[in-house]
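Trainee: Just to be clear, the model below is a prediction. Sequence and coordinates:
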Amino acid sequence: MATPALPELIEREPALQALGTALAHAGTGVGCTALVCGEAGIGKTTLVARLAQQAPPGTRVLWGGCEALFSPRPLGPLYDMASGFSARLQAKLGQHGQPGQRAELFSGVLAELCAPAHGATLVVLEDLHWADAATLDLVKFMGRRLQRAPLLLVLTYRDDEVGERHPLRAVLGDLPADALVRVPLAPLTEGGVAELARRAQRPPEGLFALTGGNPFFLSEVVRDTGLPASVRDAVLARAARLAPPVRDLLDVAAIVPGRVESQVVDAVLAPRRDDVAAALSSGLLTTDGQHYSFRHELARLAIAHALNPVQAAALHQRVLACLEGAEGAVPATRLVHHARGAGNTAALLRHAPQAAAQAMAHGAYREAAALHATALARTGQMDPAARGQLLEQRAYCCYVTDQLEEAISARLSALAIWRSLGQRELEGRALRWLSRLHWFAGRNDDAQAYADSAVLLLGQFPRGVEYAWALSNRAQLHMLADNTAAAVQWGQRAIALATELGDDEVLAHALNNVGAARLEAGQEEGWQALRRSLQLALAHNHAEHAARAYVNLVSGSVKGRHYARGLQVVQEATAYFAERDLDSWGNYLRAWAARLHFEQGRWDQAADCAFAVVRHPGVAAVSRIPALAVLGHIRLRRGDPGAEALLQEAGELARQTGEAQRLAPVAAALAEAAWLRGGLPPPHPLVMQVCRLARQSAFPRALGELGYWCRQLAWPLQEADVVEAPYGLQFAGRWREAAAA
Amino acid sequence: MPCYMVERTFSTGLHVPMTADGAAGVQKIVATNGEQGVTWVQSFVSGDKTRSFCIYDAPTPEAIRQVGRRNDIPVGNITEVSVLDPYFYH
């Protein structure tokens, strides 16, 4: 495309660089799709034209565009670029009516675009929000096949015109994420607008507020040749014709998302009846008698974005003062919105913790964590103890939403504050929490060390509830390491102290640890203790403890092969977690559900559950390990690719935990893999590690499936090693009895 | 997205008529595949039509097996593959 006189770009360097890098990669045979999006007039075409102009010599550039016709021309963009194709392919372009012919045409297009005789090819398809279905199919076809092609496919579209149900959205959603570069273009900043005005030798005053930083609108304004016809610009143009008091009314309404009460507008502006009538008759604002709202959210945003920051801050402050003085409850999140907009730190520190507390009370932990972060970013003049408490709340919210590193970081900051203030009990509590967080992150050595420090420090307060917590945490780590006796002993000390103190929460926690330890050891009273713990947690709305009781009931059921009751708890727990955004627990539960389905032979369901966990790289190790083990094991048995890589990662993560319950399923899969390969392989080190752990715990179950494979492979077991009944019987060829066991 | 070769065995042979019915059948498979993020790129069929070797783009091998079951077509070995084009070697 000939673009001799491109306007100079302002604030587009990162975008141009991202596209340039993608084009350079295409030159080395690694193709991808780049999505350049933004509102009308934002400068998409100018940017891509500059990319084409700066492309390395030898780059072939093909350009096609969609048009806002009533019914768009099928494959219009392909026709635009037809002259770049061979005569044979051009002939095919006229005969693509049948499905088979179209596939042939698409393959032909791709083959010519990738022909090794050429260097890189830059294909630009513009204004895809107006694309016909065939063009969208072409985009999908190419987007999925260009990863190993010397091709950069640039797609431009107006993202504000592509709603949830727009067909383009489905096509873009289907493109492979690893071959996708997103280049969203934002309006120019006030500085950028000033720079543009300087180059045009125009005074910058008011330009930003008027144009909202839209480059096309700006360029029209500085040329003074009329106005562009986008929705945003039409709104601004219409608003600009209104008298100042009427515009003021629009501005107030624009900074309140949704709708604004007429009382608030009266308190802030006290508008004259005539001005209200003018705002309503402008067609921008509507009323239901008690509220004002914009006819369309786009219109509200256009006005809100066009407010300059100083004006907006002043308006936010006035609305905030009005809402703070209002009778009745105003949602704290609404106050936070205006406090942020007003840049009012004191108000933000008043309302953000309150909003976070409200979010936590509703179980919306992710939103709460974000609100804490908003407040913590501005706590320069905050009292250290208040800051410590806020950090602890954030740590907790991050913990339950699987943001472990953030949780650890917040908890460490709190620890430092309590130490500096000489708050020993709070310091001990932070240590105990760090123990828990490090265990969850799969770093067991750190978890043990923090647990010991907490018990030691809090032993100075032997009648305190924090000491009860430290004892119970100690019991928990023993339970997780299969030290039943120690877990029960520490747990009973915690239960006694919690009962004496009348603290239901610690009691639920300690009962959980003792129950889980006993259930692991095959003692049925463990089930009763866990159920009691769950009832206590549910009755007192301790979501965290209820969650832990649920997953321990599930894991205990799976290990004891009580599948039916395990599945029932999975269903109960799934509903409970989903309602409360308890994502980390949901992932852990899903991983155990995968194991449950796998052991019962429901491989599709097992793989679904496992993959749902594995696909998110940020999931905690304790959830990722069992999911990887199940998915790897299924692929191994099906002979599907990828089994080894999954099991290797599971083994590495499990080794860091040092816990038999994480290691054993991975070891069993690795042993089975060795048996499938055949021959007489040497014993796998991880398998031998699990055998040693199994001997320490003296649980016959620990050497169940793994013991079977060790015998099949003639890997060294000791005489005292007992292989659990079903697997021992299976090895002896007594399959009917094995199944019954 | 990874690329896989899927081997299939059809004991009574694979018959897709070159008619509207055949096209509809193929389109139905393509649509079901799409729901799981699976793309059928192309297939090679043995002379006696009892075996096929199909190239698929898919997020996971499990996705290929699931759509195989939903489309009621057999799935045998699945191997992850990449393209080797002899004409790139000059």
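Mentor: Everything's here; your move.
Trainee: lowest confidence element among the helices and strands of the chain?
Mentor: Looking at chain A here, since you left the chain open. helix A:215-223 (a mean of 67; mean pLDDT, DSSP states H and E).
Trainee: wait, I meant chain B there
Mentor: When each helix and strand of chain B is scored by mean pLDDT, DSSP H and E, helix B:20-35 comes last, with a mean of 93.
Trainee: Up against chain A, what does chain B have?
Mentor: B:1, B:4, B:23, B:27, B:34, B:37, B:39, B:41, B:57, B:60-62, B:65-66, B:69, B:77-80, B:82-83, B:87-88, B:90 (C-beta under 8 Å from any C-beta of the partner chain). Placement of C-beta: from N, CA and C, glycine included.
Trainee: Find the nearest non-adjacent residue to residue 82, please.
Mentor: Since no chain was named, I'll use chain A. The shortest distance from residue A:82 to any non-neighbouring residue, by C-beta to C-beta, 6 or more residues apart in numbering or on different chains, is to residue A:90 (5.2 Å).
Trainee: wrong one, chain B
Mentor: In space, and not counting its chain neighbours, residue B:82 is closest to residue B:3: 6.4 Å by C-beta to C-beta, 6+ apart.
Trainee: Kindly state the pLDDT recorded for the one you found?
Mentor: pLDDT recorded at residue B:3 is 95.
Trainee: Touching, it and residue B:59? I think so.
Mentor: No - Residue B:3 is not in contact with residue B:59 according to C-beta atoms under 8 Å; the separation is 11.5 Å.
Trainee: Point me to the residue of the stretch 451-600 of chain A nearest chain B.
Mentor: In the stretch 451-600 of chain A, the residue found nearest to chain B is residue A:594; the distance is 11.7 Å by C-beta to the nearest C-beta.
Trainee: residues touching that residue, list them.
Mentor: Contacts for residue A:594 (C-beta atoms under 8 Å, 6 or more residues apart in numbering or on different chains) come out as A:606, A:607, A:609, A:610, A:613, A:626, A:627, A:630, A:631.
Trainee: Tally up the residues packed near the residue nearest to residue A:82, please.
Mentor: 13 (other C-beta atoms under 10 Å in any protein chain shown).
Trainee: and it, helix, strand or coil?
Mentor: Classification of residue A:90 using DSSP: H, G, I helix; E, B strand; the rest coil returns helix.
Trainee: element containing the residue in the stretch 251-400 of chain A that chain B sits nearest to, please.
Mentor: Nearest residue of the stretch 251-400 of chain A to chain B, counting by C-beta to the nearest C-beta: residue A:366, 25.8 Å away. If you go by DSSP states H and E, residue A:366 is part of helix A:365-376.
Trainee: mean confidence score for the next helix-or-strand element following that helix?
Mentor: Going down the chain from helix A:365-376, the next helix or strand is helix A:384-400, by DSSP H and E. Across helix A:384-400, pLDDT averages out at 92.
Trainee: likewise stretch A:43-56?
Mentor: 92.
Trainee: And stretch A:175-182, by the same measure?
Mentor: Taken as a whole, stretch A:175-182 has a mean pLDDT of 89.
Trainee: Run a quick check on the residue of the stretch 251-400 of chain A closest to chain B versus residue A:402, I expect a contact.
Mentor: No - proximity of residue A:366 to residue A:402 does not meet the contact threshold set by C-beta under 8 Å, at 9.5 Å.
Trainee: Between the two, which contacts overlap?
Mentor: residue A:583.
Trainee: So for these two, which sits in the more crowded spot?
Mentor: Remark: of residue A:366 and residue A:402, residue A:402 carries more neighbours, 23 against 16, as counted by other C-beta under 10 Å.
Trainee: On the three-state scheme, the closest residue to the more buried one other than its chain neighbours is what?
Mentor: In this structure, residue A:402 finds its nearest non-sequential neighbour in residue A:584, 3.6 Å apart by C-beta to C-beta, 6+ apart. Three-state assignment for residue A:584 (three-state DSSP): helix.
Trainee: Could I get the contacting residues of residue A:584?
Mentor: Here residue A:584 is in contact with A:399, A:400, A:401, A:402, A:404, A:440, A:619, A:620, A:623 (criterion: C-beta under 8 Å, 6+ apart).
Trainee: same check, this time on residue A:510
Mentor: Per C-beta under 8 Å, 6+ apart, neighbours of residue A:510: A:468, A:471, A:472, A:475, A:491, A:492, A:494, A:495, A:498.
Trainee: Distance-wise, check the residue of the stretch 451-600 of chain A closest to chain B relative to residue A:645.
Mentor: Per C-beta to C-beta, to the nearest Å, residue A:594 is found 18 Å from residue A:645.
Trainee: Wait, residue A:79 touches residue A:63, no?
Mentor: No - checked against C-beta under 8 Å, the pair residue A:79 and residue A:63 is beyond contact range at 11.7 Å.
Trainee: All the strands of chain B, residue numbers only.
Mentor: With DSSP state E, the ranges of strands along chain B come out as B:3-9, B:39-45, B:51-57, B:78-81.
Trainee: Against which helices or strands is the first one packed?
Mentor: Using 3 or more C-beta pairs under 8 Å, 6 or more residues apart in numbering or on different chains; DSSP states H and E as the contact definition, the elements that strand B:3-9 packs against are strand B:51-57, helix B:61-71, strand B:78-81.
Trainee: Whichever residue of the stretch 101-250 of chain A sits closest to chain B: neighbour count?
Mentor: Minimum separation of the stretch 101-250 of chain A from chain B (C-beta to the nearest C-beta) falls at residue A:176, amounting to 4.3 Å. By other C-beta under 10 Å, 19 other residues sit near residue A:176.
Trainee: near chain B too, which of the contacts of residue A:594?
Mentor: Okay, of the contacts of residue A:594 touching chain B (C-beta under 8 Å from any C-beta), that's A:607, A:631.
Trainee: What's opposite the residue nearest the centre of chain B in the beta bridge?
Mentor: In chain B, the centroid-proximal residue (C-alpha atoms, centre = their mean) is residue B:54; its distance is 3.8 Å. Beta-bridge pairing of residue B:54 under DSSP bridges involves residue B:6, residue B:43.
Trainee: so what's it up against?
Mentor: So residue B:54 contacts B:5, B:6, B:7, B:8, B:40, B:41, B:42, B:43, B:44 (C-beta under 8 Å, 6+ apart).
Trainee: What about the residues you listed, which one has the most neighbours?
Mentor: That'd be residue B:6 among the contacts of residue B:54, by other C-beta under 10 Å, with 24 neighbours.
Trainee: how about that one, what does it touch?
Mentor: Contact analysis of residue B:6 by C-beta under 8 Å, 6+ apart lists B:53, B:54, B:55, B:56, B:64, B:68, B:75, B:76, B:77, B:78.
Trainee: cool, and residue A:57?
Mentor: Per C-beta under 8 Å, 6+ apart, neighbours of residue A:57: none.
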